[in-house]
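Engineer: sequence unavailable; structure follows:
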């Protein structure tokens, strides 16, 4: 038997803003709140334990500094990469140069709190 990712936890100074950003990026909805005011977001029709992991955005005064050892890659599902890049930038993402070079087939972006993620070129079917 193997494990499967059920949820990802992201610490944030402005957890409301970050939960809204990632909800819009992924087409997720707010599923609930924990006692510490953490916000769980995920697919509206599946929720916890479904085929996609949920994300818990936890409030912290000072997120731990330094590069995250884990980052998220996203792929467009209903448009090409250029159109999805435009949408993500309009939501508040910003481009980041990590030395990927001009021939990279992906875009490195940062969410509103500076967490890096990549927009891949390959289009995936929605889950």
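Structural biologist: Looks like it arrived, so ask away. Source: prediction; values computed, not measured. Residues are numbered from 1 along each chain as shown.
Engineer: mind checking the SS state of the most centrally placed residue in the chain?
Structural biologist: Nearest residue to the geometric centre of the chain (Cα atoms, centre = their mean): residue 22, 4.8 Å. The three-state label given to residue 22 by DSSP: H, G, I helix; E, B strand; the rest coil is helix.
Engineer: show residues contacting stretch 80-89.
Structural biologist: Applying Cβ atoms under 8 Å, 6 or more residues apart in numbering, the contact partners of stretch 80-89 are 25, 76, 79, 95, 107, 109, 119-121, 123. The C-beta positions use only the backbone N, C-alpha and C, and glycine is treated the same way.
Engineer: before we move on, what about stretch 90-101?
Structural biologist: Looking at what lies outside stretch 90-101 - Cβ under 8 Å, 6+ apart - the contacts are 21, 24-25, 89, 106-112, 116-117.
Engineer: now do the same contact list for the residue nearest to the centre of the chain.
Structural biologist: Applying Cβ under 8 Å, 6+ apart, we find residue 22 in contact with 10, 28, 41, 55, 57, 111.
Engineer: just the ones of the contacts of stretch 90-101 in helices?
Structural biologist: Mapping the contacts of stretch 90-101 onto helices (DSSP state H) picks out 21, 24-25, 89.
Engineer: now pLDDT and neighbour count too, for these, in a markdown table please.
Structural biologist: Shown next, in a markdown table, are those (pLDDT from 0 to 100; neighbours: other Cβ atoms under 10 Å):
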| residue | pLDDT | neighbour count |
| --- | --- | --- |
| 21 | 97 | 21 |
| 24 | 97 | 14 |
| 25 | 96 | 20 |
| 89 | 97 | 14 |
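Engineer: turn those into CSV, columns for distance to residue 6.
Structural biologist: Formatted as CSV, the ones in helices among the contacts of stretch 90-101 follow (distance: Cβ to Cβ, whole Å):
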residue, distance to residue 6
21, 21
24, 22
25, 19
89, 30
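Engineer: out of the residues you listed, which is nearest to residue 49?
Structural biologist: residue 25 (21.5 Å; Cβ to Cβ).
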